[in-house]
Structures are given as structure tokens and as C-alpha cells.
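Participant: heads up, no residue letters with this:
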């Protein structure tokens, strides 16, 4: 089985893209050597990345897959940001702005924000968060419903 990184690189080159090309005294030099590719392949084979991606059809992700991955990542980031802010509050450190926490919720991390509030017991008495996060979550659910219906 061909290494995933080499496979993707070959597909990109066929489409006209060339990886990390630099010029030295008029000569074209590529920084992607065969040794570098072998290391990438060994790492991906060791952790089973190739088989996971090819067996689960993630080598050609659909827009739905990309959206789901984005939502999982933004919710994890938001969840941990609430935990970090709670830790900073306990240790009298410089805090994360409330607008940053709410912005993460608006960008798709409302489930992570709500979970972070519940797990870390953080921002539970602030009206912006107590009433605002459920409204953001409802708006996002309504938006997803509208998109799926159309």
C-alpha cells in the first residue's frame, strides 16, 4: 500500500502544484527529499493513519465530514478554554475575555461552552452565559435544520 502522504502529494502534483520548491543559483531545488517522504510514511504507518483514513473513506472527505470535524474541534477547544479560564480565575492570573469565550460559542462551540460551564462550574451565574449560550445553541440548531431541509 502506498503511503498516504506520497499518494496525496502525487495527486497534487498531477493537478499542477509542486511541493516546497526553492531556487538556488537558477537551479530548482525541492526540499521534499525521498528520506523525508520515508520518515512521513513510517510515522503514518506506525500510528495506523493510512489504514484508518483509507478504510473509513476519509481520504475523500465530503463537506459533511469537514463540517463535523470542524464542530468537534471547535467544541473541544471551547470546552478546554472554559477550563483554562476557570484555572486562571482560581490562581489570580490574567483571564480570558468573556467576548472571546462567547465568540468561540458563536463560531460553533456552543455545546463545548455549555459543557464547560457545567463541568468546570464556570460562568454559571453570568446572565450573558446563563441565557445567552442556550440561545446561541438553539439558533445554531435552527440554522442546521434550515440548511438540512433546503
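Facilitator: Okay, I see it. Here the structure is a predicted model, which means the values were calculated and not measured.
Participant: Contacts for stretch 101-111, please.
Facilitator: Identification of contacts with stretch 101-111 by CB atoms under 8 Å, 6 or more residues apart in numbering yields 70-71, 74-75, 77-79, 81-82, 85, 112-113, 123, 128-129, 132-133, 136-137, 140. Any C-beta I mention is one placed from the backbone N, CA and C, and that applies to glycine too.
Participant: Any buried residues in that stretch, and which?
Facilitator: Neighbour counts over stretch 101-111 (16 or more other CB atoms under 10 Å) mark 101, 102, 104, 105, 108, 109, 110, 111 as buried.
Participant: just checking, what packs against the helix or strand in which residue 142 is found?
Facilitator: Using DSSP states H and E, residue 142 maps to helix 127-149. Under the contact definition 3 or more CB pairs under 8 Å, 6 or more residues apart in numbering; DSSP states H and E, helix 127-149 sits against helix 98-104, helix 110-120.
Participant: one more time with 10 Å, if that's ok
Facilitator: Here helix 127-149 touches helix 63-90, helix 98-104, helix 110-120, going by 3 or more CB pairs under 10 Å, 6 or more residues apart in numbering; DSSP states H and E.
Participant: Quick one: closest of those helices to residue 144.
Facilitator: Of all the helices and strands packed on helix 127-149, helix 63-90 sits nearest to residue 144, with 9.2 Å by CB to CB.
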